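Engineer: Dropping the sequence and predicted coords here.
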Protein chains: 6
Amino acid sequence: IPEVAERTAVPGVSTGLAVTGLGGDVLFIEASAYEGERKLAITGQLGDVMKESAQIALTYVRSHADAIGIDPATLERTIHLHVPAGAVPKDGPSAGVTMVTALTSLALGRNVRADVGMTGEVTLNGRVLPIGGVKQKLMAAQRAGLKTVFIPARNEVDLVDVPEEVLAELDVRPVADVAEILAYALEPAAEASTVEAA
Amino acid sequence: IPEVAERTAVPGVSTGLAVTGLGGDVLFIEASAYEGERKLAITGQLGDVMKESAQIALTYVRSHADAIGIDPATLERTIHLHVPAGAVPKDGPSAGVTMVTALTSLALGRNVRADVGMTGEVTLNGRVLPIGGVKQKLMAAQRAGLKTVFIPARNEVDLVDVPEEVLAELDVRPVADVAEILAYALEPAAEASTVEAA
Amino acid sequence: IPEVAERTAVPGVSTGLAVTGLGGDVLFIEASAYEGERKLAITGQLGDVMKESAQIALTYVRSHADAIGIDPATLERTIHLHVPAGAVPKDGPSAGVTMVTALTSLALGRNVRADVGMTGEVTLNGRVLPIGGVKQKLMAAQRAGLKTVFIPARNEVDLVDVPEEVLAELDVRPVADVAEILAYALEPAAEASTVEAA
Amino acid sequence: IPEVAERTAVPGVSTGLAVTGLGGDVLFIEASAYEGERKLAITGQLGDVMKESAQIALTYVRSHADAIGIDPATLERTIHLHVPAGAVPKDGPSAGVTMVTALTSLALGRNVRADVGMTGEVTLNGRVLPIGGVKQKLMAAQRAGLKTVFIPARNEVDLVDVPEEVLAELDVRPVADVAEILAYALEPAAEASTVEAA
Amino acid sequence: IPEVAERTAVPGVSTGLAVTGLGGDVLFIEASAYEGERKLAITGQLGDVMKESAQIALTYVRSHADAIGIDPATLERTIHLHVPAGAVPKDGPSAGVTMVTALTSLALGRNVRADVGMTGEVTLNGRVLPIGGVKQKLMAAQRAGLKTVFIPARNEVDLVDVPEEVLAELDVRPVADVAEILAYALEPAAEASTVEAA
Amino acid sequence: IPEVAERTAVPGVSTGLAVTGLGGDVLFIEASAYEGERKLAITGQLGDVMKESAQIALTYVRSHADAIGIDPATLERTIHLHVPAGAVPKDGPSAGVTMVTALTSLALGRNVRADVGMTGEVTLNGRVLPIGGVKQKLMAAQRAGLKTVFIPARNEVDLVDVPEEVLAELDVRPVADVAEILAYALEPAAEASTVEAA
Ligand SMILES: [Ca+2]
Ligand SMILES: [Ca+2]
Ligand SMILES: [Ca+2]
Ligand SMILES: [Ca+2]
Ligand SMILES: [Ca+2]
Ligand SMILES: [Ca+2]
Ligand SMILES: [Ca+2]
Ligand SMILES: [Ca+2]
Ligand SMILES: [Ca+2]
Ligand SMILES: [Ca+2]
Ligand SMILES: [Ca+2]
Ligand SMILES: [Ca+2]
């Protein structure tokens, strides 16, 4: 899976799933930080709902820093969250878990596993709420070579619509709390600078 | 009542009641806080009236901190108030008492009882003003398994329209001051991390 | 006069008069304050003219603090001015004197008398300028059980249109300077926590 | 001239002239200040051009404080400039000199003479630029009982259109620099709290 | 040239050239400064492009302060740039060099020569880019009595359209760098308070 | 190549490529900085996508300062990024790599080579994403006398549409990471003040 591996080869990048006019697609969430005023910059032509998702994701990470094991100082900087491609408008709440994962990856300095994708709205307390487009998203995940995909628990019912051959190649994991995603999707600290071979 | 119990299992979450295009529904108000500039972040695609409700609720809690028993320092942080689902537009003043309850729960570190719902506009001084949709809201409360529901005193007249079987399963409490809700709805401090069995 | 007494039972609340689509009505201005950035928060779906009235009222109180006997420190906080009901749009300059009275009541910790209403635009120097709807406003004041109503001096000519029976029950006081309202409408400091029986 | 005398009886208020749908009228500019962030608050439903006039007037006074004899500390506060009536939209650059005079009156603590009116755009350097409506403005000045009126030097040509009887009662003074207005229009410091009998 | 001499008789004012609906005209850029927050206030009903020109001009002057010989402290104040007449909307990039000259004049305390006009877009590095309306602008310069006019080097080709008699009375100087304008247009420091006789 | 050499003769200026209504064109990105609040000012009538590109470019440079060899203090100033001509609206993500190069040139004090052009969207991690208009951009690069042009690796497939004679005169370098551009396009530190003869 060359492209996903390349894009997620540094801490702060996670792989999400989106529905586009042409079916589903993978999308990358990039988080970066630098010394400066404690604020959140958001780019990528995101709509109002998706900008709010970014705020929610950051508040989740900040208020759960202790539980996650994050040194709070890593978040007392200017944080920039970007979703390429820069000219394509994007909206919706379903990248919430992906944003939490990107921010946590950045704060811990641990890469996100290159073969993991995810989709799901997240709440301030980390609850994972259902989203749309499960079929198209899982088909896109399989095309992109992903192996493990997290979906909201309440979307498990949508798996009956997903083609057998897609489900056969994916390990689909329904979750109710974003902490379950973090527990699996981040590489161990020691391997943080190594790209997993798929 | 599995969902409500799960959602309110941490301090800062209270259960409100809303009128939607499909009747009534329960809605959760989530409050969170972290060290940072003293400001209020609001998400959940709230309209102007509901954003003002959030400001009013926070001013009520801040200016009544002593009376409630809140350590003011817990409010000298960035406070984030979110109302899932993130993509659904919401408006109106009737979540005022629910916001006061969520913020107080957060500030005191005491869970809101899992079987309590509420609806009502609130003023800066905690007066509870009447709202619409009492019938639909109480029917939704009963469907969701709630046991006790606070409504504004001036809405007591609307109870004649609520089906007998709904009223039979609910303890409906008309109140004129939000302090009456706080006095009942928050679990005792010692049990804060325990979810009440319903 | 149960409702007015209840609403004005704490410092920071004064009773104004408004013209609505259904005649006149009383309206309550609530002022509150808490430690924080020195700014003015305004809620209640106020239009541009009424938001400016709030700014004017606060500047009047701040720049006349010495003359009124206010400890300036009480105003060096975040001040929140709210006009319920939260979902009803409101506009116009005629609540100026009511806002000055609410802010002064808050700053002095003295209740506004429960049987007093008022209407009038105010300038930065406390001049009381004429407003519209005198007839409807006085009829509403009488219906609400008010006993004393302040109106702008230049509106004295409008009293000829007010029904005899309304004027018989009200003590209508035309004033040119808002200081005349403050001198009468605030309860003595010692009685601040007592609601006047009407 | 009772109204003008009453309105200008405190420092910070100057008398301008405006063209309205009904001919000309006098208008009062009120300036006030209080301890706080150094900023300019503007109220009175002013349009963009008139708001810019207020900024220009304040910059003129700040950058000429030494020449005028103003203690700069008096301007290091929040300054509020208001133009009653609060609900009437107003626009245009012709109140520039009136704003400079109100701000200077405030900063020096010296009243503006009650029988003086003025109209004229002002630049950052105090140049007085021509305005419209000279005829209507002078007629309004005479009706209001003013005795001395400052107009822009370049508007002297418009005096041929003003009725003889109006000019007979007014001392019209064309000026090219706002400093000429300040030199005459402010009462001596010693008399600051006295209203001139007209 | 009485008007231009009068307007440019203080540091901070430079003479530009504009195209209006009625041909060309001279326009004055006024810069002023006072102690306060380091920001740029812009007035004169300027459009977006012209507001950006003001930002560009100020950045040029700030980042070239050493080369120009400006004490940086003179720029660490609130700077106000105004373009009279206050009610006339203006736009376009061609006042860039005039703004640089006004700001430099202010910062050095040296007047701009009363017989010099200029037009040209400026870049962050001081390059002078071509503008439109050369013919009308030069005709306006001659009518206003200017003697020397700076134009962008790339506009030299437009001089063929300018009437012989206009060119005969003007010293037109095409330039590629705004530093060439500054080197000529500012009066020597010693004469700063003297208006040049033309 | 006189114009490009002249424009890039100081640190902070890089040469990009754009598609216009008339084919392709070169465009210059100018970056400048001065002591002041750490913020990014953007001018040149840029659309939303291009303003976000500027933010992304600056975050890239700030968060990779160590890797690039930039003293972070050079970025703790107000940074102004301008794209002449000032009145021409511009948009799109394809100037990302050019902005990174201009900011890096400024921060290192090293000129960008006068014969180098570039086009490509950039991500927070420096990935170079594909853009449109490769044919028109390369034709413009050749017309402007450039010798080396960087394009996104994923645009290599578009070279088949570019005329043979254009490719013959250009050294076209497809890249996947903006660091490859920085490694070549900046002149050595020692020659920073020298314009390369082409
Ligand atoms: Ca959406
Ligand atoms: Ca599977
Ligand atoms: Ca509503
Ligand atoms: Ca019951
Ligand atoms: Ca109104
Ligand atoms: Ca009476
Ligand atoms: Ca106007
Ligand atoms: Ca006369
Ligand atoms: Ca233009
Ligand atoms: Ca000549
Ligand atoms: Ca675009
Ligand atoms: Ca080649």
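Structural biologist: Cool, the structure landed. Ligands and ions are numbered 1, 2, ... in the order given.
Engineer: Quickly note the distance from residue A:153 to residue B:95.
Structural biologist: 26 Å (Cβ to Cβ, to the nearest Å). Any C-beta I mention is one placed from the backbone N, CA and C, and that applies to glycine too.
Engineer: More neighbours: which of those two?
Structural biologist: residue B:95 (32 against 18; other Cβ atoms under 10 Å in any protein chain shown).
Engineer: mind listing what the more buried one touches?
Structural biologist: B:16, B:18, B:27, B:29, B:50, B:53, B:83, B:119 (Cβ atoms under 8 Å, 6 or more residues apart in numbering or on different chains).
Engineer: Please tell me how far the residue of chain A found nearest ligand 3 sits from ligand 8.
Structural biologist: Going by Cβ to the ion, ligand 3 is nearest to residue A:48 of chain A, at 18.3 Å. Per Cβ to the ion, to the nearest Å, residue A:48 is found 62 Å from ligand 8.
Engineer: from what I can see that residue touches residue B:45, true?
Structural biologist: Yes. Using Cβ atoms under 8 Å, residue A:48 is in contact with residue B:45, at 7.0 Å.
Engineer: re the thing from before, pick the one among the contacts of residue B:95 closest to ligand 7.
Structural biologist: residue B:50 (37.8 Å).
Engineer: Quick check: which element contains that closest one?
Structural biologist: Taking DSSP states H and E as the definition, one finds residue B:50 inside helix B:48-63.
Engineer: Tell me the secondary structure of the closest residue to residue A:144 other than its chain neighbours, please.
Structural biologist: Using Cβ to Cβ, 6 or more residues apart in numbering or on different chains and skipping residues adjacent in sequence, the residue nearest residue A:144 is residue A:26, 4.6 Å away. Per DSSP: H, G, I helix; E, B strand; the rest coil, the local secondary structure of residue A:26 is strand.
Engineer: Give me the neighbour count for residue A:26.
Structural biologist: Neighbour tally, residue A:26, other Cβ under 10 Å: 20.
Engineer: Alpha carbons of whichever strand or helix holds residue A:33, in PDB - could you do that?
Structural biologist: Remark: residue A:33 resides in strand A:23-34, with elements defined by DSSP H and E. What follows is strand A:23-34, C-alpha atoms only, in PDB (Å, rounded to 0.1, in the frame of the first residue of the first chain):
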ATOM      1  CA  GLY A  23     -18.100   6.500  -4.500                       C
ATOM      2  CA  GLY A  24     -15.800   6.300  -1.500                       C
ATOM      3  CA  ASP A  25     -12.200   7.500  -1.100                       C
ATOM      4  CA  VAL A  26      -9.500   7.500   1.600                       C
ATOM      5  CA  LEU A  27      -8.600  10.900   3.000                       C
ATOM      6  CA  PHE A  28      -5.700  11.900   5.200                       C
ATOM      7  CA  ILE A  29      -5.900  14.100   8.200                       C
ATOM      8  CA  GLU A  30      -2.600  15.900   8.900                       C
ATOM      9  CA  ALA A  31      -1.900  17.500  12.300                       C
ATOM     10  CA  SER A  32       1.100  19.700  13.000                       C
ATOM     11  CA  ALA A  33       2.200  22.000  15.800                       C
ATOM     12  CA  TYR A  34       4.600  24.800  16.600                       C
END
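Engineer: after the helix or strand bottoming out on mean pLDDT in chain A comes which helix or strand?
Structural biologist: Ranked by mean pLDDT, DSSP states H and E, the weakest helix or strand in chain A is helix A:2-7, scoring a mean of 86. Next helix or strand after helix A:2-7 toward the C-terminus (DSSP H and E): strand A:13-20.
Engineer: Distance from that following strand to the middle of the chain?
Structural biologist: 7 Å (Cα atoms, centre = their mean, to the nearest Å).
Engineer: mind listing the strands for chain A?
Structural biologist: Taking DSSP state E as the test, the strands found in chain A are A:13-20, A:23-34, A:40-43, A:78-82, A:116-118, A:121-122, A:128-129, A:148-152, A:171-175.
Engineer: okay, those, which one's buried deepest?
Structural biologist: Ranked by mean neighbour count, those are led by strand A:116-118 with a mean of 29 (mean count of other Cβ atoms under 10 Å in any protein chain shown).
Engineer: Need phi/psi at the residue in chain A that ligand 11 sits nearest to.
Structural biologist: In chain A, the residue that lies nearest ligand 11 is residue A:87 (4.7 Å; Cβ to the ion). Per-residue torsions, residue A:87: phi -100, psi 0 (degrees, to the nearest 10).
Engineer: what pLDDT does it get?
Structural biologist: With respect to pLDDT, residue A:87 scores 94.
Engineer: who's in contact with the most centrally placed residue in chain A?
Structural biologist: Centroid-nearest residue in chain A: residue A:98, 1.6 Å away (criterion: Cα atoms, centre = their mean). Taking Cβ under 8 Å, 6+ apart, we find residue A:98 in contact with A:14-16, A:27, A:29, A:118-119.
Engineer: Any idea what the residue lying closest to it once chain neighbours are set aside is bridged to?
Structural biologist: Of all residues not flanking residue A:98 in the chain, residue A:16 sits nearest, at 3.6 Å (Cβ to Cβ, 6+ apart). For residue A:16, the beta-bridge partners under DSSP bridges are residue A:27, residue A:118.
Engineer: Looks like residue A:16 contacts residue A:117 (just checking).
Structural biologist: Yes. Shown here, residue A:16 and residue A:117 form a contact pair, counting by Cβ under 8 Å, at 6.8 Å.
Engineer: Identify the contacts common to those two.
Structural biologist: Common neighbours of residue A:16 and residue A:117 (Cβ under 8 Å, 6+ apart) are residue A:26.
Engineer: Low-confidence ranges, chain A, go.
Structural biologist: Applying pLDDT under 70 to chain A flags residues A:1, A:190-198.
Engineer: Taking it, what residue is nearest to chain D?
Structural biologist: Nearest residue of chain A to chain D: residue A:37, at 18.8 Å (Cβ to the nearest Cβ).
Engineer: ok, so what distance separates residue A:140 from residue A:22?
Structural biologist: 10 Å.
Engineer: So between these two, which is more surrounded?
Structural biologist: Taking neighbours as other Cβ under 10 Å, residue A:140 and residue A:22 compare with residue A:140 leading, 24 against 8.
Engineer: related to what we said a few turns ago, so which bits of the helix holding residue B:50 are buried?
Structural biologist: Of all the residues in helix B:48-63, those buried under the rule 16 or more other Cβ atoms under 10 Å in any protein chain shown are B:49-63.
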